[in-house]
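Chemist: my questions are about this predicted structure, shown below with the sequence.
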Amino acid sequence: MTLNWPSVVLLLGLAALFLFRSALDSLLHRINRVRVLGHSLAATPEQTSQGFDNSSTKTDQLMDLLNSKVLRDVEESIKKHIQNEGPSKAEEQVKILIRHLASSQLSAKFERIGGQIFGSQLAILIRANSSPITEDQARNFYDDAVRKFPTTFVNYTFEQYLSYMVTSGLLAKGEKGIFNATELSREFMSYLVRCGLTHERGN
């Protein structure tokens, strides 16, 4: 079964909001303004000093920004699973949810990178995971890809090509133009193996 990891990240976050609603309400009463998905929620002076009515808390407002029957059904399923299979203490439930949320966020990041990265960039990562790679060596991979797929790289310079790998956290630039594979890079390569995504990519 293939999971839509961005959706999993969202659902786990919603589950955390639902399960620990009381604690969140207490925290949110002390917040004057929050911003979620481009929506700004501000507390009035009366709300700040007197608190919110239970029927319209900030948690309710945040939950309503992401609301559908399908989400609520999956949310309920997650809640039941934790209640039936998980620990009884709330703090232990939080630890589990945070760990799964972190894993889901990482998988979502890898899924996004996997859909964007070129085959020649993957070849650079494989090389860099064996030993550091110089900028000139990385350029050789780029130049070879340009010769084979000129239309793909017509508006994509070597600087952009290499910068993507650095800004994505896959390579770290060291001294004298040396690039090293990062821990994220090694985890990404493991992710590709686990998901069966090691097929050769032409570009």
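Modeler: Nice, I can see it.
Chemist: tell me what the longest helix seen in the chain is packed against?
Modeler: Longest helix in the chain, counting residues (DSSP state H): helix 90-116. Applying 3 or more C-beta pairs under 8 Å, 6 or more residues apart in numbering; DSSP states H and E, one finds that helix 90-116 makes contact with helix 5-19, helix 69-85, helix 183-194. (Each C-beta comes from the backbone N, C-alpha and C, glycine too.)
Chemist: any low-confidence regions in the chain?
Modeler: 1-56 (pLDDT under 70).
Chemist: what's the residue closest to the geometric middle of it?
Modeler: Gln105 (3.3 Å; C-alpha atoms, centre = their mean).
Chemist: which residues sit in contact with Phe118?
Modeler: By C-beta atoms under 8 Å, 6 or more residues apart in numbering, Phe118 lies in contact with Ala145, Thr152, Tyr161, Arg201, Asn203.
Chemist: check contacts around Asn67.
Modeler: Asn67 neighbours (C-beta under 8 Å, 6+ apart): none.
Chemist: end-to-end on stretch 157-177?
Modeler: 18 Å (C-alpha to C-alpha, to the nearest Å).
Chemist: just how off-centre is that stretch within its chain?
Modeler: What separates the centre of stretch 157-177 from the centre of its chain is 20 Å, taken as C-alpha atoms, centre = their mean, to the nearest Å.
Chemist: mind listing what's buried along it?
Modeler: Tyr161, Leu162, Tyr164, Met165, Ser168, Leu170, Leu171, Ala172 (16 or more other C-beta atoms under 10 Å).
Chemist: got it, and stretch 100-109?
Modeler: Neighbour-count burial for stretch 100-109 [16+ other C-beta under 10 Å]: His100, Leu101, Ser104, Gln105, Leu106, Ser107, Ala108, Lys109.
Chemist: for those, give me CSV that also has distance to Thr157.
Modeler: Output for the buried residues of stretch 100-109, formatted as CSV (distance: C-beta to C-beta, whole Å):
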residue, distance to Thr157
His100, 39
Leu101, 37
Ser104, 34
Gln105, 30
Leu106, 29
Ser107, 30
Ala108, 28
Lys109, 24
